[in-house]
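Novice: build me a model from this:
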Amino acid sequence: GLDLPEEPEAWVLGPDPADVTDPTLELDLAAAGITTVIWATGYGVDYSWLQVDGVLDTAGRPAHQRGVSPVNGVYFVGLPWLSRRGSSFIWGCWHDAKYVVDEIQIQRGYAAYRPTPATAQETIR
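Specialist: Have a look, this model is predicted:
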């Protein structure tokens, strides 16, 4: 075994954080300026609170393609077999997280694109 010194501070518990003692139970995403939600899970499954049309399939599971929901701005990471066996594990979900972040950047690029008359003319040719 390892011969390590004792760490008495390891057993000291601090106060519960505000998120535990006074959790946010509702949030108006638009008012809070939130435009993207990344659903990172891997714990107990309960989507009953997620009441956004098109986010869940008829069986009540997240509707997605590799973590990208059909609802703009909603993404999932950490679900079992999102894209591979390790998708629901901390050491394996990074592949999916990278893919989802790349997709968010692509979608933001599409949303930000505003063609000028010159670029629109180029597209037509």
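
Novice: could you use CA atoms for every contact and neighbour count after this?
Specialist: Will do.

Novice: Gly60 contacts Val45, doesn't it?
Specialist: No. Using CA atoms under 8 Å, Gly60 makes no contact with Val45, being 10.5 Å away.

Novice: so between the two, which is more surrounded?
Specialist: Between Gly60 and Val45, counting by other CA atoms under 10 Å, Gly60 is the more crowded of the two (12 against 9).

Novice: just give me the neighbour total for the residue nearest to the more buried one when sequence neighbours are not counted.
Specialist: Leaving aside its sequence neighbours, Gly60 sits nearest to Tyr47 (CA to CA, 6 or more residues apart in numbering; 7.2 Å). Residues within reach of Tyr47, counting by other CA under 10 Å, total 12.

Novice: ok, now Ser88?
Specialist: Quick note: Ser88 (other CA under 10 Å) scores 22 neighbours.

Novice: name the element the most centrally placed residue in the chain belongs to?
Specialist: Among the residues of the chain, the one closest to the centroid is Ile38, at 1.6 Å (CA atoms, centre = their mean). Applying DSSP states H and E as the criterion places Ile38 in strand 37-40.

Novice: just how off-centre is the next helix or strand after that strand within its chain?
Specialist: As assigned by DSSP H and E, the chain's next helix or strand after strand 37-40 is strand 74-77. Using CA atoms, centre = their mean, to the nearest Å, the distance from the centre of strand 74-77 to the centre of the chain it belongs to is 4 Å.

Novice: quick one: low-confidence ranges for the protein?
Specialist: Low-confidence segments of the chain, defined by pLDDT under 70: 39-43, 119-125.

Novice: so where's the longest helix in it?
Specialist: helix 94-112 (DSSP state H).

Novice: which of the residues in that one are buried?
Specialist: For helix 94-112, burial by neighbour count (16 or more other CA atoms under 10 Å) applies to Trp94, Asp96, Ala97, Tyr99, Val100, Ile104.

Novice: now do it: distance to the chain's middle.
Specialist: Using CA atoms, centre = their mean, the offset of helix 94-112 from its chain centre is 11 Å.
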